[in-house]
Every structure is written in structure tokens, then in C-alpha cells.
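S.K.: Here is the input, now give the coordinates:
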Amino acid sequence: MAKTGKSRADDARRPLPECASLAIGSLPYTDVSDAVDRMIEFNSSCPAWPQLPAIDYREGMYIQFAECMPAAVVDESRQRIWFDVERAPEEMAAFYERYFAGEPGLCRISPDHARGFEPFLERMPTPGAHFIKGQVTGPVTFGFTVTDAENKPVIYHEDLYAAIVTALALKGGWQAGRFREQAPDLTPVIFFDEPFLTQVGSAIISLPAEKVTASLRECYEPVTAAGGLTGTHVCGGTDWGLLASTGVDIIHFDAVDHFQELLVYEQELAQFLERGGMLAWGIIPTDERSLEMQQSDAVNDLIAGAERVARLAPDGIDTQEVLRQSFVSQSCGLGSRTAEIAGKCLALAAEVADVLHSQIC
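M.R.: Got it, this is the predicted structure:
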């Protein structure tokens with residue numbers, strides 16, 4: 001690829017993944033120690049704390065990150081969350097007062113909502129680690145999925161949604177800060193997972209592109225300020241050009257079933273890689289196909305995919321460079337899968353990562 005100046009990838013302080021394995025975050029296990037062990041064992045270069053929804057409904061991807069949000073109501077009997085818009089003005093005022101006062105840990109994640117976080121953090125840093133990963137539900141997905149009492153998505157309550165985005169941003173920044181305190185030599189990686197972005201631009205959802213990008217940029221900012229890398233996972237097709245325009249560092253995509261949709265955004269993807277953007281290849285399917293998948297097949301699929309990406313830029317880009325800017329991952333989270341499938345997906349991603357890393361380093 002023709003160089004137009006120093007890219008972020010050239011910065012020696014910005015480590016490249018070089019095909020490190022990366023986990024989405026959620027696992028189906030009910031033993032915290034076992035979950036932490038697996039996250040470290042199978043993601044040695046980029047360990048992540050485990051989300052464990054099978055232990056407690058409060059570790060589901062919406063309730064887990066709703067602590068501190070104004071007007072949030074947790075319905076324990078139905079194990080769901082909704083927002084009381086009648087209470088919102090008063091509670092938002094209190095929230096912003098604490099926010100502007102710079103209250104430490106305003107939007108921390110408590111142990112009751114993330115049992116694996118502190119045990120994981122206590123193990124850091126681990127030998128061979130270069131990154132340390134956390135995750136938060138993305139603002140668009142949260143805004144469209146969680147509703148008020150009348151089942152109206154909170155994204156359509158402008159002021160309340162703005163406070164929710166701020167809270168999610170603080171959740172990411174809090175994690176990056178904790179990682180820096182515990183393991184200052186590791187690069188924090190914080191993902192804002194956005195499965196709902198598959199619906200943006202469809203006939204079902206009407207949402208201005210500017211609102212999507214503004215929400216994500218606000219979430220990324222505290223992580224970037226802490227010296228971390230930002231990522232977003234989408235488990236289907238989406239407007240990848242729109243996502244790349246947010247300045248996100250890592251794009252995680254389903255390389256098993258939705259690779260062709262990514263290739264449509266030829267120019268945007270080339271520009272993303274040129275500025276040092278990284279790809280997280282969800283090359284391991286998170287269903288029964290993983291049980292039959294061979295390591296060599298996954299390796300060959302990823303290399304073939306990297307070769308196709310390398311040909312997108314007008315002046316070309318070396319396939320090895322694409323791989324150096326790539327993580328290896330599962331196509332989606334594992335929290336709703338069986339323990340057998342989850343274990344196979346984690347192990348297979350680690351094996352593929354080891355093979356590819358040995359070839360490019």
C-alpha cells in the first residue's frame with residue numbers, strides 16, 4: 001500500500017496483535033475460577049475478563065452495565081431491565097451532578113454484576129500478555145434493546161439516551177483505568193459490542209448515521225484517553241464504512257458467514273488498515289460446526305481472507321501486514337452456547353492463532 005505519511009501502525013508504542021487470539025467475553029460456565037483460567041490459557045496475549053450470565057441474570061449484557069444509570073429499573077422477577085421516564089429528570093440531574101464533580105468510580109462495575117472481573121484482574125499481568133481486554137454493551141444496541149415501561153426503546157428518549165451513553169463511556173473508561181493500575185505495561189483493549197448494528201440502515205430501523213457515530217465516539221473517548229485501544233463487535237453484516245469512520249481501532253466481524261459483506265466496503269476498509277486499524281476475524285463458528293472444524297481449515301480460511309483484503313487497496317497491501325494487524329476470534333459470544341462448544345471454540349481459536357503467529361513473526 002502506498003504510504004502517505006506515518007500511520008498509527010508505525011507507532012512503536014502501539015503494539016500489533018500479530019494474530020493473537022481474542023475472546024468476545026461471555027462464557028457459559030458457572031465456576032468463576034475455571035472461567036478465568038480458560039480466558040487466560042486460551043488468550044495468552046490478550047486475556048479478557050469473563051462475563052458469566054449462567055451464574056446470575058445480572059451478568060446479562062444489559063443489566064450488567066446498567067448500574068449507575070439514571071431511572072434504570074431492574075425487574076428481578078422477570079430478570080429484565082427497563083427505564084422509568086417519569087423518574088428520569090430528577091435522577092439525571094443527580095447523575096450529572098456526580099459526573100461533573102468527577103466522582104471516582106461513578107460507573108464502576110460491582111462484583112455482583114461481574115463476578116469474574118476482580119479474580120481476573122488479580123491474575124494480571126500474566127506471562128506472554130501484551131493486551132488486556134474488557135467489554136461493554138454498545139450504546140446503539142443498548143438504546144434499541146432496552147425500553148421504557150411502554151416498550152419504547154430508550155434511544156428515542158433523547159436526554160435519557162444521552163445519559164446512558166455517558167454511563168457506558170464511563171464503564172469503558174473505568175475498566176481501562178483499572179487495567180492501567182494493575183498492569184501498566186499491558187495495553188487496555190475495550191470493546192463496545194454492537195450486535196444491533198446489523199439492523200441500522202434497514203427498513204426496520206430509522207436512525208441517522210450521525211447519531212450512531214456520535215454515540216460510539218463518545219464511548220471510545222475515555223478509553224483512548226487512558227491509552228487503550230477501542231473495538232466493536234458486530235455479529236452480522238452492517239455498514240462497515242460507517243463503523244470505520246468512528247475512529248475505532250479494532251473491527252470484529254463474523255468471518256464465517258458474513259465475510260462478503262465486509263468486502264463491499266473496499267475503499268473504507270483500505271483506509272481503515274492504512275491508518276493502523278486492526279481486524280478481529282471471527283473465523284471460528286460458535287455452533288455445532290466448530291466441533292467438526294479442523295485447525296488447518298480455519299488457518300487456510302483466514303489466510304485466504306487476508307489475501308482478499310490485501311487486494312482491496314489500489315496499490316496493494318502485503319498479506320503479512322494484514323495478518324500482523326489481525327486478531328483471531330470466535331464469530332460471536334459464547335455465553336448462550338454449551339460448555340462443549342465454548343471449550344472447542346476457545347481452544348481452536350488459540351491453536352489457529354499460534355499457527356499463524358509462528359508464520360508471520
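S.K.: so who does residue 56 touch?
M.R.: Neighbouring residues of residue 56 by CB atoms under 8 Å, 6 or more residues apart in numbering: 112, 115. All C-beta atoms are positioned from the backbone trio N, CA, C, and that covers glycine.
S.K.: do you know how far it is from residue 235?
M.R.: Here residue 56 is placed at a distance of 23 Å from residue 235 (CB to CB, to the nearest Å).
S.K.: Can you get me a residue count around residue 186?
M.R.: Using other CB atoms under 10 Å, residue 186 has 22 neighbouring residues.
S.K.: That one and residue 124 touch, don't they?
M.R.: Yes: the pair residue 186 and residue 124 qualifies as a contact (CB atoms under 8 Å) at a distance of 6.9 Å.
S.K.: which residues do those two both contact?
M.R.: Going by CB under 8 Å, 6+ apart, residues that sit against residue 186 and also against residue 124 are 132, 179.
S.K.: ok, longest helix in this structure?
M.R.: helix 158-182 (DSSP state H).
S.K.: Mind checking what helix or strand follows it in sequence?
M.R.: strand 187-193 (DSSP states H and E).
S.K.: could you check the angle strand 187-193 makes with the following helix or strand past that next one?
M.R.: With elements assigned by DSSP H and E, the helix or strand that comes after strand 187-193 is helix 209-225. Computed by axes from the mean of the first three to the mean of the last three CA atoms, to 10 degrees, the angle separating helix 209-225 from strand 187-193 equals 160 degrees.
S.K.: ok, residues contacting helix 209-225?
M.R.: With CB under 8 Å, 6+ apart as the criterion, helix 209-225 contacts 136, 138-140, 143, 165-166, 168-170, 172-173, 176, 188, 190, 192, 194, 197, 200, 229-230, 232, 239, 242-243, 245-248.
S.K.: Please give me every residue in contact with residue 254.
M.R.: Applying CB under 8 Å, 6+ apart to residue 254 gives the contacts 234, 235, 236, 282, 331, 332.
S.K.: hey, what's it bridged with?
M.R.: residue 282 (DSSP bridges).
S.K.: and residue 306, what does it touch?
M.R.: Counting by CB under 8 Å, 6+ apart, residue 306 makes contact with 319, 322, 323, 326.
S.K.: if you set the cut-off to 10 Å instead, what comes out?
M.R.: 19, 255, 279, 281, 317-326, 356, 360 (CB atoms under 10 Å, 6 or more residues apart in numbering).
S.K.: Could you double-check that residue 237 lies in contact with residue 195?
M.R.: No: using CB atoms under 10 Å, residue 237 is not in contact with residue 195, being 11.6 Å away.
S.K.: Now do the helix or strand residue 303 falls within, average pLDDT.
M.R.: Assigned by DSSP H and E, residue 303 belongs to helix 295-310. For helix 295-310, mean pLDDT rounds to 96.
S.K.: Please compute how far the helix or strand following that helix lies from its chain's middle.
M.R.: Sequence order places helix 319-324 as the next helix or strand after helix 295-310, per DSSP H and E. Its chain's average C-alpha position is 21 Å from that of helix 319-324, according to CA atoms, centre = their mean, to the nearest Å.
S.K.: Just give me the residue closest to the centre of the chain.
M.R.: Centroid-nearest residue in the chain, with CA atoms, centre = their mean: residue 191, separated by 2.7 Å.
S.K.: which residues sit in contact with that residue?
M.R.: 22-25, 48, 133-138, 172, 223, 229-233, 248, 250, 252, 280.
S.K.: can you tell me which of those residues are in strands?
M.R.: Counting by DSSP state E, the contacts of residue 191 place 22, 133-137, 229-233, 250, 252, 280 in strands.
S.K.: In terms of distance to residue 76, which of these ranks first?
M.R.: residue 137 (19.6 Å; CB to CB).
S.K.: how much space between that closest one and residue 303?
M.R.: Plainly put, residue 137 is 32 Å away from residue 303 if you go by CB to CB.
S.K.: What of residue 255?
M.R.: From residue 255 to residue 303 the distance is 12 Å (CB to CB).
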